[in-house]
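Engineer: coords please:
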Amino acid sequence: MARYDSGFREPPWVMGSPKEVMEWMDATHPKKKEDKHTFEKKYLDNLHIKFDFDVEKRIIKSPCLVCRMAGLFAKVEEDFEPFPTAELILRGLAKAKFRNTVKIVVDKKILYDHPERTSDLRKTIESIYEFKSDIEKGTNIEIDAILEDVETCLVSIKIKKIHSVKEHTIDIHFNGKIRSEIYHTFFNYLQEKIGLKEEGL
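Structural biologist: Reported below is the predicted structural model:
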């Protein structure tokens, strides 16, 4: 209730009932509404990410003269070390709660293949030095790992030291659903440790 056409709502003890007292108190000191939002887990489905290193690149031209004239089959060789890259990616997977390394393939040669094992990713990191010479000489490395979370997610990672002009150095494909915080843990680790440049999703 207001007097003198001031637009100011006067306290009810100037004049008013107990009900008006409560209305005035609510109007002048509104109660903070409780935040009823519940935390919802966000999922990313079948992510496909491609990265390139910011390193020197050398174009390898095709030996075929006709192909070179048409600009076909040119390849790019990237100046980076495959072994530490593979190791850091495995560590990134471990940090993101991936537990099982299924397979490691270098230039189509299977170095590690244990789909039946569980909780072996950290053990793989410890024993990866057994494959160091093969990985260092390799130009195309493939790593498969499994995340057993709310759903099973298989991640396939390709590290390409030599690849076609249209391809990227790192190609990561998450087959299945993955929680967004798990993906960001993995992605942030790679950004911090390897300095990858994201090219697309």
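Engineer: Report the helix or strand with the lowest average pLDDT across this structure.
Structural biologist: strand 197-200 (a mean of 50; mean pLDDT, DSSP states H and E).
Engineer: so where's the chain uncertain?
Structural biologist: Scanning the chain for pLDDT under 70 picks out the ranges 1-41, 62-73, 117-119, 195-201.
Engineer: just the strands in it please.
Structural biologist: Assigned strands in the chain, in chain order: 43-45, 48-52, 57-60, 75-78, 100-106, 109-113, 140-148, 152-160, 162-164, 170-175, 177-179, 197-200 (criterion: DSSP state E).
Engineer: Distance to L190 and mean neighbour count for those strands - can I get that in CSV?
Structural biologist: C-beta coordinates here come from the backbone N, C-alpha and C atoms, glycine included. Shown next, in CSV, are those (distance: least, CB to CB, whole Å; neighbours: other CB atoms under 10 Å):
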stretch, distance to L190, mean neighbour count
strand 43-45, 16, 14
strand 48-52, 8, 17
strand 57-60, 20, 12
strand 75-78, 16, 17
strand 100-106, 17, 20
strand 109-113, 21, 13
strand 140-148, 13, 20
strand 152-160, 10, 19
strand 162-164, 18, 16
strand 170-175, 8, 19
strand 177-179, 15, 20
strand 197-200, 9, 12
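Engineer: For these, give me a markdown table that also has distance to I125.
Structural biologist: Putting the strands of the chain into a markdown table (distance: least, CB to CB, whole Å) gives the following:
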| stretch | distance to I125 |
| --- | --- |
| strand 43-45 | 25 |
| strand 48-52 | 20 |
| strand 57-60 | 29 |
| strand 75-78 | 23 |
| strand 100-106 | 8 |
| strand 109-113 | 11 |
| strand 140-148 | 11 |
| strand 152-160 | 14 |
| strand 162-164 | 25 |
| strand 170-175 | 18 |
| strand 177-179 | 20 |
| strand 197-200 | 24 |
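Engineer: Quick one: residues in contact with stretch 109-123.
Structural biologist: Contacts to stretch 109-123, defined as CB atoms under 8 Å, 6 or more residues apart in numbering, come from residues 90, 93-94, 98-105, 124, 131, 134-135, 145, 148.
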